[in-house]
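Trainee: Structure, please.
(one chain, ligands or ions: 1)
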Amino acid sequence: MKFGTKAIHAGVEPDPSTGAIMTPIFQTSTYVQRSPGDHQGYEYSRTHNPTRTALQNNLAALENGKHGICFSSGLGAIDAVIKLFSPGDEIVSTSDLYGGTYRLFTKVFERYGIKFHFVPMDNPEKIEEKINSNTKMLWVETPTNPMMNIIDLELMGKIAKKHGVLLAVDNTFASPYLQNPLNLGADIVMHSVTKYLGGHSDVVMGALILNDDKLAEQLVFIQNACGATPGPQDCFLVLRGIKTLHLRMERHSQNGKTIAAYLKNHPKVEKVYWPGFEDHVNHEIAKKQMRDFGGMISFTLKGNSLADAKKVMEGFKLFALAESLGGVESLCGHPASMTHASIPKEEREKVGLVDSLIRLSVGVEDAEDLKNDLSSALAAI
Ligand SMILES: *Cc1c(COP(=O)(O)O)cnc(C)c1O
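Mentor: Sure, this is the predicted structure:
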């Protein structure tokens, strides 16, 4: 099946007891047994729930994987991956990383004796320098947040294979529609389902998708043993959201292209970061591994004034100033004071994350209205 058909049908069967075409919300914690141990595959909803099963199978199909495993948040999913490891194990991670992931690695798991190395992943030598006999995994995020750098996943897969370590990819920014890391050599794909997969800013959830049976068995064990599982109502909402994932991603990408081009020609804009531009540093890699370039854009203002950036964000009528991304509605964020505030200013500026940098999650509204919103907000400075 092609992507759009899988989005609607994979893992989803009409309910056998009623014929209901949509997967019911099995709002139950437990299941009756005819006699001890004689049940229909469901015993307790932390372990299994039919609504969650449908979603997990659907997510697996979207990433061309065999196993889908859902968690109560994206960070819950990452937490489960790191619990595969033991004190003394080491992980090499992208340095340009989602703030919450960085916090989980350094503030929680370092206390349990797991060691993390953070390196820019544009240079294989820099990665290999950090790999030793204790290294168990590479953790990669691409496109990166908020600089929209692209990391070559096929190359990462080769490095991981060569050294016998796992490759895990946080595929949240691309969504399974734009990029499928398992096809490029990844062992584990992680999603903050909260973002494009849910797509309507009404659910917090995470997921892991993989092919290896043994690894899946370990992660399903952790899912049940540690217990960060999502409820059936949330699983239903995500199943519903996914039915239009391909349509939304096409529109996000189309609007992204229009808005990126508009900003690039705007006299008050200094720089626009969007991987679809031919002069983007990693455009060739993006073209190779992504179906399209999406609606995530960052840009800076001429003069690089924080006051100007604030004025622009306060002036928006459509782009709502809020954390998160990937919903149908357009959002804007200010990484220097929001998601990346904990990183020292000099460190931030080294990678281009300056005070006037504004990040847009371009939604699926009419592009003309979004352009007008940018135009009037930028006219105020
Ligand atoms: C939001 C996000 C996460 C964390 O997911 P939650 O669902 O908020 O726990 C991880 N990685 C990336 C890239 C994200 O954008």
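
Trainee: Any figure for the gap between residue 217 and the ligand?
Mentor: 24 Å (CB to the nearest ligand atom, to the nearest Å). (C-beta placed from N, C-alpha, C; glycine too.)

Trainee: ok, that residue - contacts?
Mentor: Listed by CB atoms under 8 Å, 6 or more residues apart in numbering, the contact set of residue 217 is empty.

Trainee: Put the alpha carbons of the strand or helix carrying it into PDB.
Mentor: Assigned by DSSP states H and E, residue 217 belongs to helix 213-226. C-alpha atoms of helix 213-226 as PDB (Å, rounded to 0.1, in the frame of the first residue of the first chain):
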ATOM      1  CA  ASP A 213      11.900  -8.700  17.100                       C
ATOM      2  CA  LYS A 214      14.300  -9.100  20.100                       C
ATOM      3  CA  LEU A 215      14.700  -5.300  20.600                       C
ATOM      4  CA  ALA A 216      10.900  -4.900  20.200                       C
ATOM      5  CA  GLU A 217      10.400  -7.500  22.900                       C
ATOM      6  CA  GLN A 218      12.700  -5.600  25.300                       C
ATOM      7  CA  LEU A 219      11.000  -2.300  24.600                       C
ATOM      8  CA  VAL A 220       7.500  -3.800  25.000                       C
ATOM      9  CA  PHE A 221       8.700  -5.200  28.300                       C
ATOM     10  CA  ILE A 222       9.900  -1.700  29.400                       C
ATOM     11  CA  GLN A 223       6.600  -0.200  28.100                       C
ATOM     12  CA  ASN A 224       4.600  -2.500  30.500                       C
ATOM     13  CA  ALA A 225       7.100  -2.700  33.300                       C
ATOM     14  CA  CYS A 226       7.700   1.100  33.600                       C
END
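
Trainee: Moving C-terminal from it, which element do we reach first?
Mentor: Remark: after helix 213-226, the chain's next helix or strand is helix 232-242, criterion DSSP H and E.

Trainee: Which positions in the stretch 151-300 of the chain make contact with the ligand?
Mentor: 170, 172, 173, 192, 194, 195, 204, 206 (CB under 6 Å from any ligand atom).

Trainee: any chance of those in TSV, with pLDDT and secondary structure too?
Mentor: Listed next are these as TSV, based on pLDDT from 0 to 100; DSSP: H, G, I helix; E, B strand; the rest coil:
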residue	pLDDT	secondary structure
170	98	strand
172	98	coil
173	97	coil
192	98	strand
194	98	coil
195	98	coil
204	98	coil
206	98	strand
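
Trainee: Mind putting those into JSON lines with distance to residue 295 and neighbour count?
Mentor: Shown next, in JSON lines, are those (distance: CB to CB, whole Å; neighbours: other CB atoms under 10 Å):
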{"residue": "170", "distance to residue 295": "18", "neighbour count": "27"}
{"residue": "172", "distance to residue 295": "13", "neighbour count": "25"}
{"residue": "173", "distance to residue 295": "10", "neighbour count": "25"}
{"residue": "192", "distance to residue 295": "16", "neighbour count": "29"}
{"residue": "194", "distance to residue 295": "16", "neighbour count": "24"}
{"residue": "195", "distance to residue 295": "11", "neighbour count": "21"}
{"residue": "204", "distance to residue 295": "20", "neighbour count": "19"}
{"residue": "206", "distance to residue 295": "21", "neighbour count": "25"}
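
Trainee: Using JSON lines, please lay out the residues you listed together with distance to residue 61.
Mentor: Below are these laid out as JSON lines (distance: CB to CB, whole Å):
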{"residue": "170", "distance to residue 61": "20"}
{"residue": "172", "distance to residue 61": "18"}
{"residue": "173", "distance to residue 61": "21"}
{"residue": "192", "distance to residue 61": "19"}
{"residue": "194", "distance to residue 61": "20"}
{"residue": "195", "distance to residue 61": "19"}
{"residue": "204", "distance to residue 61": "23"}
{"residue": "206", "distance to residue 61": "18"}
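
Trainee: what comes into contact with the lowest-mean-pLDDT helix or strand in the chain?
Mentor: In the chain, no helix or strand scores lower on mean pLDDT, DSSP states H and E than helix 345-350, which sits at a mean of 85. Helix 345-350 has contacts (CB under 8 Å, 6+ apart) with 336, 340, 354.

Trainee: let's see it at 10 Å
Mentor: For helix 345-350, the external contacting residues (CB atoms under 10 Å, 6 or more residues apart in numbering) are 95, 304, 335-336, 340-344, 353-355, 357.

Trainee: ok, now stretch 1-19?
Mentor: For stretch 1-19, contacts defined as CB under 10 Å, 6+ apart pick out 20-24, 26, 50, 53-64, 68, 176-177, 180, 197, 239, 241-250, 291.

Trainee: Now the buried members of these.
Mentor: Buried members of those, counted by 16 or more other CB atoms under 10 Å: 23, 26, 50, 53-64, 68, 176-177, 180, 197, 239, 241-246, 248-249, 291.

Trainee: Please list the members of those that lie in helices.
Mentor: Counting by DSSP state H, the buried ones among the contacts of stretch 1-19 place 50, 53-62, 176-177, 239, 241-242, 245-246, 248-249 in helices.

Trainee: list the contacts for residue 142?
Mentor: Shown in contact with residue 142 (CB under 10 Å, 6+ apart): 94, 96, 121, 148-153, 156, 169-171, 173-174, 179, 181, 275, 282, 285-286, 289-290.

Trainee: Check residue 117 too.
Mentor: By CB under 10 Å, 6+ apart, the contact set of residue 117 is 90-93, 95, 126-127, 129-132, 135, 138-139.

Trainee: got any ranges where this protein has weak pLDDT?
Mentor: Residue ranges of the chain with pLDDT under 70: none are present.

Trainee: how about the helices of it, start to end?
Mentor: Using DSSP H, helices in the chain cover 3-9, 50-62, 74-82, 99-103, 124-130, 153-163, 175-178, 213-226, 232-242, 245-264, 283-289, 306-315, 345-350, 367-379.
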